[in-house]
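K.L.:
Need a 3D model of the sequence below.
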Amino acid sequence: MKYRHLFGPVPSRRLGLSLGIDPIPYKTCTFDCIYCECGATTDLTKERRYYIPTDEIIQELDVFLESKPDLDYVTFSGSGEPTLNKGIGKIISHIKDRYPEYKVAVLTNSSLFSDKEVRKELFHADLVMPSLDVVSENTFSKINRPVSGIKIDEIIEGLIAFRKEFSGKIWLEVFIVPGINDTKGEIEKLHNVLEKINADEVQLNSLDRPGTVDWVQPATREYLESIRSKLSRVPVIVIGGYEKREKVRQFNTEIEAQILSTIYRRPCTTEDLSEILGLHVSEVNKYLDTLMGHNKIVPVRKSRGIFFRITE
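P.N.:
Numbering: from 1, shown residues only. Modelled structure (predicted):
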């Protein structure tokens, strides 16, 4: 069966071996983040609807999971905001009811957490990984570039409420953009808010590959460690770097070789590779990170987007 809404399993630096569920059309999101490695958002929206029929996703899951594959997580992620799909709660419940041996994770930008119904739909997940890069409205607009009507104060209130309601684990990601959200004032305000949210873990992250805008630069691990030391009242770890995904079991060296062979013939974008190899964009991205970590490929920004070529 050719899967349209599932991808992987892929090696994840945070989740081990993960089967991905992408319940949203490509680049449909509430944000147009300047650092997004999937490219610019093409459908900026906060409208929740059944973008992909719930039964289609459940059918694919049943086919894939009936063989009892060895997985660490089944993860809602992809190239947009998964909570925009109104069927996410039903899909999570189906997995937990029929396949209780599998843990469910949800990666989200937190933008819809002011909606009590959205929070409720995630209750049966084992792990929710929301993001919160800033706590001031002006900086929020600069980094996350949200659709009109989404306010950072409402997101924060939603995250605080979710922590009180949700019995699973919360790993909250903070993406550092040097020169924007790393000032003393921004970090101090963030620190205070993180205390109120009370996540099980706060993960500091930075750019692995070129983002949507060309001036965003990655933060070094040493710099992220210096920020971590300023967030002393919350449990913080540093995520930066590809961290050897190939050590995750079932890292598919054949896929890595196919990507290298394709790029050797001509430079390609992530979308090119996805179409040529029949892989989901998010799956391609995992292997690109590893290849860049080994300095086997380099990104080049052109008018059509970010191309990857073999390192000379």
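K.L.:
Any stretches of the stretch 1-150 of the chain with poor pLDDT?
P.N.:
For the stretch 1-150 of the chain, the stretches flagged by pLDDT under 70 are 1.
K.L.:
Can you name the residues in contact with stretch 169-181?
P.N.:
Stretch 169-181 is contacted from outside by 14, 33-35, 126-134, 139, 142-143, 159, 162-163, 182, 190, 194, 197, 199-206, 216-219, 223-224, 227, 239, using Cβ atoms under 8 Å, 6 or more residues apart in numbering. In this view, the C-beta of every residue, glycine as well, is placed from N, C-alpha and C.
K.L.:
Regarding it, how distant is the last residue from the first?
P.N.:
26 Å (Cα to Cα, to the nearest Å).
K.L.:
Ok, stretch 108-118 next?
P.N.:
Note: stretch 108-118 ends 11 Å apart using Cα to Cα.
K.L.:
for the closest residue to residue 24 other than its chain neighbours, what are its contacts?
P.N.:
Closest residue in space to residue 24, ignoring its immediate chain neighbours: residue 80 at 3.6 Å, by Cβ to Cβ, 6 or more residues apart in numbering. Counting by Cβ under 8 Å, 6+ apart, residue 80 makes contact with 22, 24, 25, 26, 27, 28, 29, 41, 43.
K.L.:
Can you say which of the residues you listed are buried?
P.N.:
Buried residues within the contacts of residue 80, defined by neighbour count using 16 or more other Cβ atoms under 10 Å: 22, 24, 26, 27, 28, 29, 41.
K.L.:
Can you tell me which of these is nearest residue 253?
P.N.:
For the buried ones among the contacts of residue 80, the residue nearest residue 253 by Cβ to Cβ is residue 22; the value is 23.9 Å.
K.L.:
Return the residues in contact with that closest one.
P.N.:
Residues near residue 22 by Cβ under 8 Å, 6+ apart: 5, 6, 7, 76, 77, 78, 79, 80, 82, 280, 282.
K.L.:
separation between the residue lying closest to the second one once chain neighbours are set aside and residue 190?
P.N.:
Using Cβ to Cβ, 6+ apart and skipping residues adjacent in sequence, the residue nearest residue 6 is residue 60, 5.2 Å away. Here residue 60 is placed at a distance of 39 Å from residue 190 (Cβ to Cβ, to the nearest Å).
K.L.:
Those two - which one has more neighbours?
P.N.:
residue 190 (24 against 17; other Cβ atoms under 10 Å).
K.L.:
Report the secondary structure state of that one.
P.N.:
helix (DSSP: H, G, I helix; E, B strand; the rest coil).
K.L.:
element containing residue 173, please.
P.N.:
For residue 173, the host element (DSSP states H and E) is strand 169-175.
K.L.:
mind listing what's buried in stretch 103-123?
P.N.:
103-114, 118-119, 121-122.
K.L.:
SS state for the residue nearest to residue 24?
P.N.:
coil.
K.L.:
Distance-wise, check it relative to residue 114.
P.N.:
Counting by Cβ to Cβ, the gap between residue 80 and residue 114 amounts to 19 Å.
K.L.:
swap in residue 277?
P.N.:
39 Å.
K.L.:
Show me this protein divided up by domain.
P.N.:
6-244, 252-312 (automatic domain parsing).
K.L.:
Most tightly packed of those domains?
P.N.:
Neighbour counts (mean count of other Cβ atoms under 10 Å) averaged over each of the domains of the chain peak at domain 6-244, with a mean of 18.
K.L.:
Provide a list of residues in contact with residue 297.
P.N.:
Contacts of residue 297 (Cβ under 8 Å, 6+ apart): 260, 263, 288, 291, 308, 309, 310, 311.
K.L.:
Likewise for residue 116?
P.N.:
residue 161.
K.L.:
need the helices for the stretch 51-200 of the chain, in chain order.
P.N.:
54-65, 88-98, 116-121, 137-143, 152-165, 184-197 (DSSP state H, counting those that start in this stretch).
K.L.:
Could you list every helix and strand that the fifth one packs against?
P.N.:
In terms of contacts (3 or more Cβ pairs under 8 Å, 6 or more residues apart in numbering; DSSP states H and E), helix 152-165 is packed against helix 116-121, strand 127-130, helix 137-143, strand 169-175, helix 184-197.
K.L.:
Give me the distance from that helix to the chain's centre.
P.N.:
Relative to its chain's centre, helix 152-165 lies at 19 Å (Cα atoms, centre = their mean, to the nearest Å).
K.L.:
Quick one: mean pLDDT over that helix.
P.N.:
Helix 152-165 shows a mean pLDDT of 98.
K.L.:
now it and helix 184-197, what's the angle there?
P.N.:
30 degrees (axes from the mean of the first three to the mean of the last three Cα atoms, to 10 degrees).
K.L.:
got it, and the first one?
P.N.:
An angle of 80 degrees separates the directions of helix 54-65 and helix 184-197 when computed by the same axes, to 10 degrees.
K.L.:
Distance from the chain centre to helix 54-65, please.
P.N.:
On Cα atoms, centre = their mean, the centre of helix 54-65 falls 22 Å from that of its chain.
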